[in-house]
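K.L.:
next comes the sequence, and after it the predicted model I'd like to discuss.
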Amino acid sequence: MTIDREFADATRFRVCFVCTGNICRSPMAAAAFERLAQRHGVAERLLVASAGISEYHVGETADPRTLAVLSDAGYEAGAHRAKQFKPRWLDDFDLIIAFDRGQERALRSLARGDEQLSKIRLLLSFDPDATGQDVPDPYYSEDAFFGTVLRQIETAVGRLFRQIQPAMRP
């Protein structure tokens, strides 16, 4: 998907998940969020994207361990290619979700004004049962930890979806 072209449709609620390199956490969240939207019949009313703060992996597929855990859970993410978050997206997205406080700080440093700042949220802020504020980065962990992270993301994304579903544009 070419995100910039998709912005032309102003009727869609636009959400961007932002992690460090856009190869682990943010593709997981985008896949989980898109599945929820499809199951609830609102996929055509959403623009779901993911990106990374860094340019480390631009153009690459998701990490093979991410792809494996997503496939095992029934998600399709093979077409994913890593992108770097563009500062102008602070105007274009309705909600920008970070996975840890470092990413949140980086996004906030790009923001110009209260409106842009108000769009930036930590994913776990939507999950009142979460322990801590950060979704851990599984990149340097064992393969099994990717499944743990996916389950944490699925729970928080489900709660995020329930909160924004009424606000999606008709």
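P.N.:
Looks like it came in fine.

K.L.:
gap between the strand or helix carrying R105 and the chain center?
P.N.:
In the assignment (DSSP states H and E), R105 maps to helix 101-110. Remark: helix 101-110 is offset 14 Å from the chain centroid, using C-alpha atoms, centre = their mean, to the nearest Å.

K.L.:
try stretch 20-38
P.N.:
5 Å.

K.L.:
now swap in stretch 16-32 and tell me
P.N.:
The answer for stretch 16-32 is 4 Å, by C-alpha atoms, centre = their mean.

K.L.:
number of residues surrounding P136?
P.N.:
16 (other C-beta atoms under 10 Å). In this view, the C-beta of every residue, glycine as well, is placed from N, C-alpha and C.

K.L.:
per-residue pLDDT, it?
P.N.:
pLDDT, P136: 97.

K.L.:
residue boundaries of the helices in the protein?
P.N.:
3-6, 25-39, 64-72, 89-92, 101-110, 114-118, 143-164 (DSSP state H).

K.L.:
ok, back up a step: elements contacting the helix holding R105?
P.N.:
strand 13-19, strand 95-98, strand 120-122 (3 or more C-beta pairs under 8 Å, 6 or more residues apart in numbering; DSSP states H and E).

K.L.:
now the angle from that helix to strand 13-19?
P.N.:
Angle between the axes of helix 101-110 and strand 13-19 is 120 degrees (criterion: axes from the mean of the first three to the mean of the last three C-alpha atoms, to 10 degrees).

K.L.:
got the CA coordinates for helix 101-110 in PDB?
P.N.:
Only the C-alpha atoms of helix 101-110 are listed here, as PDB (Å, rounded to 0.1, in the frame of the first residue of the first chain):
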ATOM      1  CA  ARG A 101       8.400   5.400  25.700                       C
ATOM      2  CA  GLY A 102      11.500   5.900  23.600                       C
ATOM      3  CA  GLN A 103       9.400   5.800  20.400                       C
ATOM      4  CA  GLU A 104       6.800   8.000  22.000                       C
ATOM      5  CA  ARG A 105       9.500  10.600  22.900                       C
ATOM      6  CA  ALA A 106      10.800  10.500  19.300                       C
ATOM      7  CA  LEU A 107       7.300  11.000  17.900                       C
ATOM      8  CA  ARG A 108       6.600  13.800  20.300                       C
ATOM      9  CA  SER A 109       9.800  15.600  19.300                       C
ATOM     10  CA  LEU A 110       8.500  15.700  15.700                       C
END
